[in-house]
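Colleague: Sharing a model prediction with you, sequence too.
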Amino acid sequence: MAVTIRDVARESGVHVSTVSRAFSAAHMVNAVTRTRVMAAAERLGYRPNRAARALSTQRTANLGVIVADIANPFFPPLIKAAQAQARERDYHVFVADTDERARVEEELIRSMAKQVDGALLVASRLSGRVIAELGRDVPFVVVNRRVKGLPCVLMDVASGTRQAVDHLVALGHRDIAVLTGPSASWTAQEIRGAAEESAARHGAALHPVGPNPPTEEGGFSAAAEVASGPATAVLAYNDLVALGLIRGAEALGLSVPGDLSVVGVDNTHIARHCRPTLTTVDMPVVAAGRGGIDLLLHRVTTGEDPGTVTLDTRLVVRESTAPPSSGASART
């Protein structure tokens with residue numbers, strides 16, 4: 001005969017309702033008790049009936065994770081962390097890619113709303129008004145975007161930007177270009193605002209270039225404008241843009257960091273493996289993925305707004321930054 005929830009309750013020495021909560025609302029069960037219940041379920045080979053649970057709880061045990069561009073190496077570690085955290089709570093994750101297009105994002109959310117209990121919106125390109133409107137149909141947690149009235153997980157890229165500018169100024173750079181990202185990007189706005197504040201504090205000149213596509217091609221295309229200007233250092237919107245800029249600068253006969261220092265944002269795997277290795281702002285994507293799922297499930301299971309969580313960032317210094325050379329200064 002099939003193992004039932006009552007068998008698991010008897011085996012673990014708890015009430016049937018406790019077993020049910022251990023699978024459907026783990027935050028409501030003591031960690032020791034939940035471990036005992038899960039161990040008993042594993043021994044007995046028990047698997048909860050998702051269809052029956054969905055009928056009784058009006059929940060699907062599915063969550064959505066919607067990202068701007070799954071090909072960008074920033075997103076996969078976040079997705080994997082979110083998936084692992086959801087799995088620990090016996091939820092499944094549907095992943096959707098918006099290809100950096102707001103209209104596609106809105107369509108995905110509307111089509112996904114009936115299939116999931118809630119969704120993480122990661123680096124959303126929608127307006128705050130549209131996000132709030134869609135939030136009436138499905139609970140959201142927003143990652144790397146501040147939306148009034150919605151729980152958020154924010155990676156403090158402004159702090160990392162200030163560290164980057166401080167580092168460049170300490171090396172002797174006084175003209176710094178900022179390769180901005182998409183105009184609808186919260187991260188791009190945070191980077192530019194923090195860079196302007198930090199440059200002004202140091203008496204350095206800031207030269208915005210963009211907006212740019214958040215891709216390697218976007219950085220490559222911006223290289224000519226950077227090379228024709230006075231900047232001896234560049235802060236790029238992300239690691240992909242930084243990598244493209246380095247390739248573009250090299251194609252124009254400039255060396256990094258000899259003629260141009262370059263800083264990225266994200267600390268993706270490409271920052272460690274490109275040549276020169278990339279100085280970059282480390283973004284805590286794993287913590288953001290796990291934390292986003294925790295906030296989302298709190299909202300789904302309690303109906304309460306869990307508020308905003310802000311995660312620290314840090315500058316990782318590698319080979320792509322150095323003091324300005326006489327050749328670099330001569331370009332000004």
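Modeller: Looks like it arrived, so ask away.
Colleague: any idea how far residue 183 lies from residue 213?
Modeller: As judged by C-beta to C-beta, to the nearest Å, residue 183 and residue 213 stand 11 Å apart. C-beta here means a position set from N, CA and C on the backbone, and glycine is covered the same way.
Colleague: same deal with residue 111?
Modeller: 26 Å.
Colleague: Those two: who's more crowded?
Modeller: residue 213 (19 against 10; other C-beta atoms under 10 Å).
Colleague: Is residue 89 in contact with residue 26, as I believe?
Modeller: Yes - using C-beta atoms under 8 Å, residue 89 is in contact with residue 26, at 5.1 Å.
Colleague: Just say helix, strand or coil for residue 85.
Modeller: Secondary structure, DSSP: H, G, I helix; E, B strand; the rest coil: residue 85 is helix.
Colleague: mind listing what it touches?
Modeller: Contacts for residue 85 (C-beta atoms under 8 Å, 6 or more residues apart in numbering) come out as 289-290, 293-294.
Colleague: Kindly recompute the last result at 10 Å.
Modeller: Taking C-beta atoms under 10 Å, 6 or more residues apart in numbering as the criterion, residue 85 is in contact with 63, 91, 93, 286, 289-294, 296-297.
Colleague: How about residue 299?
Modeller: With C-beta under 10 Å, 6+ apart, residue 299 has these contacts: 117-118, 139-141, 150-151, 305-306.
Colleague: Narrow the residues you listed to just the buried residues.
Modeller: Buried subset of the contacts of residue 299 (neighbour count, 16 or more other C-beta atoms under 10 Å): 117-118, 139-141, 150-151, 306.
Colleague: For the residues you listed, work out which two are farthest apart.
Modeller: The most widely separated members of the buried ones among the contacts of residue 299 are 117 and 150, with 15.9 Å between them, by C-beta to C-beta.
Colleague: In the stretch 151-300 of the chain, where is pLDDT below threshold?
Modeller: Applying pLDDT under 70 to the stretch 151-300 of the chain flags no residue at all.
Colleague: What separation do you get for residue 67 and residue 217?
Modeller: In terms of C-beta to C-beta, residue 67 sits 19 Å off from residue 217.
Colleague: and those two? which has more neighbours close in?
Modeller: The neighbour count for residue 67 versus residue 217, taken as other C-beta under 10 Å, is higher for residue 67 (26 against 15).
Colleague: buried residues in stretch 128-148?
Modeller: Buried positions in stretch 128-148, judged by neighbour count with 16+ other C-beta under 10 Å: 128, 130-131, 134-135, 138-145, 147.
Colleague: Kindly tell me how buried the residue lying closest to residue 269 once chain neighbours are set aside is, as a neighbour count.
Modeller: Distance criterion C-beta to C-beta, 6 or more residues apart in numbering; nearest residue to residue 269, sequence neighbours excluded, is residue 73 at 5.9 Å. Applying other C-beta under 10 Å, we find 17 residues neighbouring residue 73.
Colleague: Show the contacting residues for residue 73.
Modeller: Here residue 73 is in contact with 238-240, 266, 268-271, 285 (criterion: C-beta under 10 Å, 6+ apart).
Colleague: export the buried residues of stretch 128-148 to TSV and tack on secondary structure?
Modeller: Output for the buried residues of stretch 128-148, formatted as TSV (three-state DSSP):
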residue	secondary structure
128	helix
130	helix
131	helix
134	helix
135	coil
138	coil
139	coil
140	strand
141	strand
142	strand
143	strand
144	coil
145	coil
147	coil
